[in-house]
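Student: Quick one: sequence and predicted model below, then my questions.
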Amino acid sequence: MPRIVILATGGTIAGAADARSHAGYNAGQISAAQLVAAVPGLETLARIGTEQIAAIGSQDMNEAVWFKLAERIDALAAQGDVDGDVDGIVVTHGTDTMEETAFFLDLIVGTSKPVVLVGAMRPATAMSADGPLNLLEAVLVALSPEAAGRGPLVVLNDTIHGARDVTKTSTTEVQAFRSPNFGPAGFVSPNGVVFFRPAGPRAPAYKLPPAPPLPRVAIIYAHAGMDATDVRAAVAAGAKGIVLAGVGDGNASRDAIAALADAVMQGVAVVRASRTGSGPVMRNIEVADDACGFAAAGFANPAKARVLLQVLLANGISSPEAVQTAFDGPI
Ligand SMILES: NC(=O)CC[C@H](N)C(=O)O
């Protein structure tokens, strides 16, 4: 039988009710072994191993857990574990920052074996909890030969997403995830796993420093009536990079853009992304990127642009040209 290892980090999929309100709960209360026990028949599909990497709500996801996950996935993919070779890896994770972890792992983890992140929108103790079916579907995807070579995938509610495009688009809906630019990668049905297109090119596997932290990168959210205060504060706080969650095509007020250009002069890498939720941010449309020394994020949303910029800076890649080349992909 094939072998799947589940790396558990917490999240709502492992959430348990709390008395704070009728719907109140705490993430990360249920162990990896209990999650597996809640899916009847899982043991008939594969030999399942479990490892508890963390037990947190993903609002608390952090670089220490990211490093641990990346190292563990690389090691498992290369050598298997005490019970033999590993065919696929499933990561249980809170949904709030799942897209950032998936994208981080996409940039760092080199294996072509399937890596699938999965979560739930309803805690394990809720009526019609979605976690057990999502976990079953994640294992089915991890067992699919067609899932290989795609980098980490996200599976929730019968839908498979690539790490590059997936984003959480609802606070409460069970169908919380969308791939707003390229559409989902495929779906899971009772008849099996279907991918809509072949695997595309992947980013180079970037190196990690021996230990966290990654360089400090701030995200600054643009809005009407914006002045230079937030940009200046980020520079004063020691940011090595700034991602603008810009209005429209990654734009911001005259004052904010001038402060960002000033930040570049002080050695801060600046990437313009968009708060709109879909569509590319392209160079030199309304903003003079060449003159200001900015990079444009393309299809990377602000949270993902931050992850990529941190990884680039950690690899000594900081010039606007080199940062732009990395954002132009494949990422
Ligand atoms: N549905 C969820 O998983 C989101 C809740 C939780 N804050 C988490 O991300 O872990």
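Tutor: Great, that's in hand. Numbering: from 1, shown residues only.

Student: Can you list the strands that the helix-or-strand element of the chain with minimal mean pLDDT pairs with?
Tutor: Every helix and strand of the chain was ranked by mean pLDDT, DSSP states H and E. The lowest is strand 16-17, at a mean of 92. Applying DSSP bridges, strand 16-17 is found paired with strand 25-26 (antiparallel).

Student: got the contact list for the partner strand?
Tutor: 12, 15-18, 57, 123, 125-126 (C-beta atoms under 8 Å, 6 or more residues apart in numbering). Yep, even glycine has a C-beta here, placed from its N, CA and C like the rest.

Student: how about stretch 149-167: buried residues?
Tutor: Neighbour-count burial for stretch 149-167, counted by 16 or more other C-beta atoms under 10 Å, picks out 150-167.

Student: Please read the previous query as pertaining to stretch 314-331.
Tutor: Residues 314-315, 317-318, 320, 323-324, 326-327, 331 are the ones in stretch 314-331 that count as buried (16+ other C-beta under 10 Å).

Student: Compile those into CSV and extend it with columns for pLDDT, distance to the ligand and secondary structure.
Tutor: Formatted as CSV, the buried residues of stretch 314-331 follow (pLDDT from 0 to 100; distance: C-beta to the nearest ligand atom, whole Å; DSSP: H, G, I helix; E, B strand; the rest coil):
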residue, pLDDT, distance to the ligand, secondary structure
A314, 98, 25, helix
N315, 97, 28, coil
I317, 98, 30, coil
S318, 98, 31, coil
P320, 98, 34, helix
V323, 98, 29, helix
Q324, 98, 32, helix
A326, 96, 28, helix
F327, 97, 26, helix
I331, 69, 23, coil
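
Student: related to what we said a few turns ago, what's the offset of the least confident helix or strand of the chain from the middle of its chain?
Tutor: 25 Å (C-alpha atoms, centre = their mean, to the nearest Å).

Student: Would it count as contacting the ligand?
Tutor: No - Strand 16-17 is not in contact with the ligand by C-beta under 6 Å from any ligand atom; minimum separation 12.4 Å.

Student: who's in contact with that strand?
Tutor: If you take C-beta under 8 Å, 6+ apart as the criterion, strand 16-17 is touched by 24-26, 29-30, 123-126.

Student: returning to that earlier point: mind checking which of the buried residues of stretch 149-167 land in strands?
Tutor: Using DSSP state E, the subset of the buried residues of stretch 149-167 located in strands is 153-156, 159-162, 167.

Student: what about D106, how many neighbours?
Tutor: Counted with other C-beta atoms under 10 Å, residues neighbouring D106 total 24.
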